[in-house]
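K.L.:
One predicted model, sequence on top.
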Amino acid sequence: MARKVARSKSSLDSITPPAVVASRSRTWKKRIALVGSGVAVLVLAFAIKNFVGNEAAVAQIPNPFRGRPGAQPGDAKTQAAGKAAGQGVGQASQAAKPQHDVMAVVNGQDIRRDALAAACVERFGKEMLEGLVNKRLIQHHCRNRGIDVTEPEIDAEIDRLTTHFKIPRQQYLEMLEKERGINVQQYRRDIVWPMLALRKLAAKDLEVSEQQIEQAYESNFGPSVQCRLIVVRDRNLAEQLQRQVAQQPSEFARLAMKHSQDVNSASNGGMILPIYRFQGDLAIERAVFALQPNGVTPVIPVAEQFAIFKCERQIPPRNVPMASVRNELVEKIREEKLQDVAGALFAQFEKSATIQKIWNDPQLRAANPGVVATINGDTIRYQELADECLLRYGKQVLEVEITHLLLQQTLVQTNTTITQEELNAEIANAAKLAGKVDPQGRPLVQEWVKLVLEEQDISEQIYLRDIVWPSAALKKLTGASVEVTEADMKKGYDANFGERVRCRAIVLPTMRSAQEVWDKARQKPTPEYFGDLAAEFSVEPQSKGLRGEVPPIGRNEGSPQLEKVAFDLQPGELSGVVQQGNHYVILLCEGRTQPTDVNQATVNEILYRDIFEKKQRIAMSERLEKIQAAARIDNFLAGTSKAPEKVKADPVASGPRVDSAVRPVAGGMPGR
């Protein structure tokens with residue numbers, strides 16, 4: 001268990017999507033197996049919007065159900081099980097019901113509470129039902145064992161978490177609502193309460209041994225190895241590459257860029273975050289810790305792929321006294337244990353209970369109107385499920401419903417219709433863009449739809465209504481206004497195949513700190529010293545963990561100011577401080593990459609399709625913004641009201657509207 005204690009992102013986390021990086025229980029084997037699987041994403045170090053700030057604390061909300069099969073951070077299952085603050089364990093925890101029937105008025109048309117609740121249930125009902133069932137199960141077992149979780153205990157746990165994250169309590173709770181849509185009542189009831197209840201129910205399984213503490217200390221503060229990685233699927237290729245890099249270690253970075261199927265590390269010459277002990281695959285850890293600088297491991301089979309590691313340097317342990325971090329390590333080990341034992345606990349709960357999930361079975365649903373589940377004869381009714389869904393997802397779904405209604409109104413207003421053929425064409429186009437085609441280039445529509453439904457965990461009806469139909473509608477409303485110019489084609493070619501600047505980067509949170517670090521860097525502008533500064537001061541995990549190494553910067557990738565600065569630098573030259581959003585970047589140029597030897601004529605068709613699609617999406621987004629700007633929207637659930645910017649642009653609305661501001665609704669809900 002101790003090897004799962006949280007620390008900075010593990011060395012191969014870059015090959016997994018950002019949404020799952022927080023799950024630190026993945027082994028090296030599982031991580032490498034994701035390379036090239038279709039779920040890996042390219043994380044650009046200079047996309048400032050991806051830099052981690054205070055939201056990291058929100059991402060680490062304890063999840064008592066993470067150990068359950070299928071449960072994911074942030075989904076409805078993780079919000080399961082709880083009770084309203086101040087209620088006894090035996091009492092049913094009911095969602096606070098909105099007290100009015102009208103949730104929003106869009107250009108004079110109502111979106112009513114029952115319709116919105118039904119829309120929420122349609123999208124999230126199955127997951128929320130799981131939560132309601134889990135809630136009853138926990139309450140039942142707590143009651144049988146005489147276990148209670150008090151309000152002071154909940155307050156103490158919130159205080160502990162905010163102290164751990166070093167965020168003021170109020171700011172932390174505000175972040176939860178802003179970033180996750182979880183208000184304080186939901187947080188207390190659906191996250192903190194079940195976590196504390198499960199801790200008490202599983203107390204005997206959460207004991208921590210001295211060996212586990214020592215291993216946790218080693219995996220957080222012990223020695224580590226800075227490595228480069230090549231991972232490929234073909235064993236013969238892996239053996240060939242291993243022989244080559246073993247004889248010429250200096251070629252490792254070049255061969256990683258050419259052959260490795262881990263896109264993120266390949267773009268950095270194979271460089272990955274340092275590897276610590278007790279974090280997963282013991283074979284990998286033994287192999288890399290046995291290396292000296294420039295040493296290369298044999299080929300290591302990992303799942304269905306083959307990995308080769310090169311040691312850049314052995315990093316000594318950090319000088320952190322065990323006594324200063326012991327309590328924190330123990331708490332983290334217990335949390336990880338709880339996540340593991342939660343699944344077993346619920347298996348026991350479910351085995352000892354008689355559960356019938358009626359809502360998930362159309363035949364049972366028809367035979368039991370108004371009932372969604374029974375647990376040992378205890379009934380959960382549809383209204384309770386609807387109230388829970390509305391409370392948790394109402395604001396989110398209401399935004400979707402408002403947009404849908406605006407598009408419907410605009411189609412009527414412009415005498416435009418969306419045909420089934422156009423919907424089919426939209427699905428086929430999406431399949432082609434995703435590469436789901438047969439050898440002749442024809443879209444594999446059924447396979448694509450099946451993949452989307454599985455990955456998004458949605459019904460086909462929701463896919464058509466929430467994704468396909470709005471896209472087709474906006475595309476038709478946009479018309480033939482998109483044009484791809486020669487200049488667009490040149491920029492697209494340069495972005496994909498042109499030369500790039502190899503840089504190291506340091507990302508700082510304030511101008512003052514950036515100026516101080518820049519002054520240190522200019523006194524000794526060497527890659528080694530710059531790497532030391534990046535490791536010490538950079539607030540962006542990748543540049544910090546890789547001593548400033550980041551993917552090469554290309555042209556036309558979305559950060560024009562940073563790109564211009566990078567391309568103006570000569571090898572060995574230090575940039576000034578470059579502001580990017582709320583952060584400040586310092587670059588040290590290490591040279592240029594060679595342009596890819598591809599004739600533009602051979603890729604023009606692909607470039608044109610890609611650029612056209614992107615420009616069309618931009619045009620569709622702008623069209624939607626205009627529709628929204630011309631609308632009168634009173635969102636009573638969010639407590640805002642927006643009048644149209646121009647009277648002429650708002651023929652659907654009743655009466656003149658001239659105020660373009662979004663403002664709180666005065667006087668609360670309308671008297672309807």
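P.N.:
Received the coordinates, thanks.
K.L.:
right, and the helix or strand after the helix or strand where residue 534 lies?
P.N.:
Element membership for residue 534, per DSSP states H and E: helix 527-537. Once helix 527-537 ends, the next helix or strand along the chain (criterion: DSSP H and E) is helix 541-545.
K.L.:
got the contact list for the helix holding residue 534?
P.N.:
The set of residues external to helix 527-537 that reach it, using CB atoms under 8 Å, 6 or more residues apart in numbering, is 504-506, 508, 513, 517, 520-521, 543-549, 574, 588, 590. C-beta: built from backbone N, CA, C; applies to glycine.
K.L.:
packing partners for the host helix or strand of residue 285?
P.N.:
For residue 285, the host element (DSSP H and E) is helix 282-289. Other helices and strands packing on helix 282-289, by 3 or more CB pairs under 8 Å, 6 or more residues apart in numbering; DSSP states H and E, are strand 224-232, strand 275-276, strand 300-302, strand 305-315.
K.L.:
how about the ones you listed in TSV, adding mean pLDDT, distance to residue 215 and mean neighbour count?
P.N.:
Converted to TSV, these look like this (pLDDT from 0 to 100; distance: least, CB to CB, whole Å; neighbours: other CB atoms under 10 Å):
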stretch	mean pLDDT	distance to residue 215	mean neighbour count
strand 224-232	94	14	25
strand 275-276	92	10	25
strand 300-302	92	22	19
strand 305-315	94	18	22
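K.L.:
average model confidence for stretch 519-528?
P.N.:
The average pLDDT within stretch 519-528 is 92.
K.L.:
What residues sit buried inside it?
P.N.:
Neighbour counts over stretch 519-528 (16 or more other CB atoms under 10 Å) mark 520, 521 as buried.
K.L.:
cool, and stretch 430-440?
P.N.:
Within stretch 430-440, the residues scored as buried using 16+ other CB under 10 Å are 430, 431, 432, 436, 437.
K.L.:
any idea of the pLDDT on the fourth one?
P.N.:
Spelled out, it's residue 436. On the pLDDT scale, residue 436 is placed at 91.
K.L.:
which phi and psi does it have?
P.N.:
Main-chain torsions, residue 436, degrees, to the nearest 10: phi -90, psi 80.
K.L.:
ok, which stretches of the stretch 501-650 of the chain are strands?
P.N.:
Counting by DSSP state E, counting those that start in this stretch, the stretch 501-650 of the chain has strands at residues 501-508, 578-580, 583-592, 633-635, 640-642.
K.L.:
The host helix or strand of residue 200 packs against which elements?
P.N.:
Secondary structure assigned from DSSP H and E places residue 200 in helix 193-201. In terms of contacts (3+ CB pairs under 8 Å, 6+ apart), helix 193-201 is packed against helix 113-144, helix 151-165, helix 322-351.
K.L.:
if we go to 6 Å?
P.N.:
Secondary-structure packing of helix 193-201 (3 or more CB pairs under 6 Å, 6 or more residues apart in numbering; DSSP states H and E): helix 113-144.
K.L.:
just to revisit the earlier point, orientation of the helix holding residue 200 relative to helix 322-351 in degrees?
P.N.:
Interaxial angle of helix 193-201 relative to helix 322-351 (axes from the mean of the first three to the mean of the last three CA atoms, to 10 degrees): 90 degrees.
K.L.:
Check which helices and strands the following helix or strand past helix 193-201 sits against.
P.N.:
Using DSSP H and E, the helix or strand that directly follows helix 193-201 along the chain is helix 210-221. Applying 3+ CB pairs under 6 Å, 6+ apart, one finds that helix 210-221 makes contact with helix 322-351.
K.L.:
What residues sit buried inside the helix it packs on?
P.N.:
Buried residues in helix 322-351, defined by neighbour count with 16+ other CB under 10 Å: 325, 329-330, 332-342, 345-346, 349.
K.L.:
coming back round to it: show me what counts as buried in the helix holding residue 200.
P.N.:
For helix 193-201, the neighbour count (16+ other CB under 10 Å) marks 193, 194, 195, 196, 197, 198, 199, 201 as buried.
K.L.:
How about the fourth one, nearest residue that isn't a chain neighbour?
P.N.:
Translated: residue 196. Closest residue in space to residue 196, ignoring its immediate chain neighbours: residue 149 at 4.7 Å, by CB to CB, 6 or more residues apart in numbering.
K.L.:
Quick check: the one you found touching residue 197?
P.N.:
Yes: between residue 149 and residue 197 a contact is recorded at 5.2 Å, counting by CB atoms under 6 Å.
K.L.:
Counting neighbours, what do you get for the closest residue to residue 266 other than its chain neighbours?
P.N.:
For residue 266, ignoring the flanking residues on the chain, the nearest one in space by CB to CB, 6+ apart is residue 260 at 4.1 Å. When neighbours are defined as other CB atoms under 10 Å, residue 260 has 25 of them.
K.L.:
contacting residues for residue 260?
P.N.:
230, 231, 266, 270 (CB atoms under 6 Å, 6 or more residues apart in numbering).
K.L.:
and what of residue 226?
P.N.:
274, 312, 313, 315.
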